[in-house]
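Peer 1: take a look and give me a structure for this.
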Amino acid sequence: MQRPTFGFDGGFIMASWDGFEEAISWYGRHFGWKPRGSELTAIGKMAFFGLPLYGQMNVKSFQTEWEHYRDDGAYEGTCRLIFCVADLEAALRYFRENGIGVSAPQRLPDEREYIDIEAFEGARVTAVHKPLKPNPHPDSRLIGFGDISMILHVSHLQASVSWYETVLGFEKVTDGPDGRSALLRMVMSEYGKDVASDDFPHHVWMIEDPSVAGAARGNPKARVYFQVFPHELESSRSWLAAHGVPMSELAVNDYHFYDPDGNRLNVWAYQM
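Peer 2: This next block holds a predicted model:
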């Protein structure tokens, strides 16, 4: 069986049905994202935001018809969808002055700093520092997707590297300096490939963390998505099933699955 193309394609941030309109206002005001419109679809409410540096971010309402879009728990898990922040000090100051929970800066294996932000309804949104001086987007705290687009904590590094290479087609770029991390490259979606920039997202830091062994399956509000071609939607599910990967039911053209540590990953196909 040939592996389908799982192309990194950004993601969704989830919000409650009743709080959806407030969520649109919140992300526009506090992250400085520009609304591109909203609509009521067969799978719930959706809003679209243009990111100043690169990409589009989607906010989606929970709903109950499909498992894929239910709010089935608050455990965020250890899989982070990453944005970049041009002025880390200014962003930290803004969030603190506006009563928005934000972590102290933490360091990736390459010494770059990142922060976790407690966004609308408790969504954990993560941003890696990408210094830009002068900052071309001073009114936006999170300016786009970046060259680091995911952070994953796993219980067994080498086993997880092998799993992601085999199942999803990731490629290891280098080992981290501490021997307990690895930098991997993802395949881009067809839409991401259209962006002529060296800054588009394609890297993942995978960090070994034995404490995640046996953790509950994650149900994050900020969700990483991979695109497959419409003709590969069913074969992508067959491919994952053949490798013993647990997954959800199909919700029109979306579903999710879990890595060996319960990190939730999501798949969609655009045109059906």
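Peer 1: how about the helices in this protein?
Peer 2: For the chain, the helices defined by DSSP state H cover 20-31, 88-97, 157-168, 190-193, 233-242.
Peer 1: ok, and the closest non-adjacent residue to residue 182?
Peer 2: residue 206 (5.0 Å; Cβ to Cβ, 6 or more residues apart in numbering). No exception for glycine: its C-beta is placed from N, CA and C like everyone else's.
Peer 1: hey, what's that neighbour bridged with?
Peer 2: residue 152, residue 182 (DSSP bridges).
Peer 1: if we can go back for a sec, now the helices of the chain in JSON lines, with mean neighbour count and mean pLDDT?
Peer 2: As requested, the helices of the chain are arranged in JSON lines below (neighbours: other Cβ atoms under 10 Å; pLDDT from 0 to 100):
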{"stretch": "helix 20-31", "mean neighbour count": "18", "mean pLDDT": "97"}
{"stretch": "helix 88-97", "mean neighbour count": "15", "mean pLDDT": "96"}
{"stretch": "helix 157-168", "mean neighbour count": "17", "mean pLDDT": "98"}
{"stretch": "helix 190-193", "mean neighbour count": "15", "mean pLDDT": "58"}
{"stretch": "helix 233-242", "mean neighbour count": "16", "mean pLDDT": "97"}
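Peer 1: about what we covered before: tell me the contacts of the residue nearest to residue 182?
Peer 2: 152, 154, 157, 160, 161, 164, 181, 182, 183, 184 (Cβ atoms under 8 Å, 6 or more residues apart in numbering).
Peer 1: find the nearest non-adjacent residue to residue 131, please.
Peer 2: According to Cβ to Cβ, 6+ apart, the nearest residue to residue 131 is residue 86 (6.8 Å).
Peer 1: mind listing what the nearest residue to residue 106 once chain neighbours are set aside touches?
Peer 2: Once flanking residues are discounted, residue 106 sits nearest to residue 114: 5.7 Å by Cβ to Cβ, 6+ apart. Residues near residue 114 by Cβ under 8 Å, 6+ apart: 82, 105, 106, 107, 108, 126, 127, 128, 129, 151.
Peer 1: which of those residues count as buried?
Peer 2: Neighbour-count burial (16 or more other Cβ atoms under 10 Å) applied to the contacts of residue 114 gives 82, 108, 126, 127, 128, 129, 151.
Peer 1: how near is the fourth one to residue 32?
Peer 2: Just to be clear, that refers to residue 127. 12 Å (Cβ to Cβ, to the nearest Å).
Peer 1: appreciated, that's everything.
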